[in-house]
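S.K.: Mind looking at a prediction? Sequence and model below.
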Amino acid sequence: MPFHRVEGWGLSAYAGLVWHTSRYQIEGRENVQQVHAAGRPLILAAWHGMTMMLTGYIAAEEDLSRYVLVVPDDPRGAVLSVWARRLGATPFPISMEAESMVAARRLLALIRQMRRGNSLYLNPDGPDGPSHEPKGGVVFIARKAGARIVPAGAFTATGFRIPRWDRYTVPFPFSRIAVVLGEPLEVLPDADAEQARVVLRERLNEVERAAQELYRSGK
């Protein structure tokens with residue numbers, strides 16, 4: 001078995017243990033439901049370091065067969081693709097090379113999938129940072145797909161934070177994990193892309209703080 005498959009299986013096994021033993025405090029479910037009810041494509045956006053916490057929320061609350069997860073088109077993406085498939089979602093590798101024609105074609109294919117009704121989980125600051133600084137791709141996708149972006153934040157105090165650019169949180173089993181889902185953000189066809197990116201950054205930082213507050217409140 002290729003090593004990336006072994007890594008992917010190990011990652012998914014640990015993630016499943018966390019998801020099945022942890023208790024989720026979720027605030028803002030109605031914001032995701034609002035987008036689904038309107039028949040609009042959904043982009044669930046969160047900072048990169050929250051991925052393992054938030055995919056647990058998706059596994060518990062959403063139809064994973066309708067979710068696409070963007071992964072880098074490199075060895076890391078091969079591992080994450082195995083994880084996504086075992087999760088029940090569809091991995092979508094995209095090259096991160098600047099001005100790549102392959103990346104452009106893949107991006108258009110992703111937009112077509114969303115127009116057919118798939119939802120997207122995306123880290124606007126991934127895969128290599130800088131942290132908490134969204135790239136323009138999420139705004140472009142939202143505009144072209146007619147999607148609404150729901151900013152998501154998550155927090156737990158019981159986990160290991162990998163000492164790297166995103167402070168990626170690996171929750172321990174039996175954790176309490178707080179998740180906050182913000183109000184949907186729509187990027188209109190004539191909206192200024194840079195302004196939309198700034199607003200998204202503010203919204204993502206707001207739900208990150210809200211998740212920390214929800215956790216500390218112990219509700």
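M.R.: Noted; the coordinates are in hand.
S.K.: Name every strand pairing with the strand ranked longest in the chain and say which way it goes.
M.R.: When the chain is parsed with DSSP state E, its longest strand is strand 148-155. Strand pairing for strand 148-155, determined by DSSP bridges: strand 42-45 (parallel), strand 176-181 (antiparallel), strand 185-186 (antiparallel).
S.K.: average pLDDT for the last one?
M.R.: Translated: strand 185-186. Strand 185-186 carries an average pLDDT of 94.
S.K.: so where is this protein shaky, pLDDT-wise?
M.R.: Applying pLDDT under 70 to the chain picks out residues 1-4, 95-102, 219.
S.K.: ok, longest helix in it?
M.R.: If you go by DSSP state H, the chain has its longest helix at helix 193-217.
S.K.: possible to save the strands paired with strand 148-155 as CSV with mean neighbour count and distance to residue 65?
M.R.: To be clear about C-beta, it is placed using only N, CA and C from the backbone, and glycine gets the same treatment. Compiled in CSV, the strands paired with strand 148-155 are given as follows (neighbours: other C-beta atoms under 10 Å; distance: least, C-beta to C-beta, whole Å):
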stretch, mean neighbour count, distance to residue 65
strand 42-45, 26, 14
strand 176-181, 24, 20
strand 185-186, 18, 25
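S.K.: how about the helix or strand hosting residue 19: buried residues?
M.R.: For residue 19, the host element (DSSP states H and E) is helix 3-21. Neighbour-count burial for helix 3-21, with 16 or more other C-beta atoms under 10 Å as criterion, is recorded at 4, 7, 8, 11, 12, 15, 18, 19.
S.K.: you'd agree residue 69 is up against residue 88?
M.R.: No - judged on C-beta atoms under 8 Å, residue 69 makes no contact with residue 88 at a distance of 10.4 Å.
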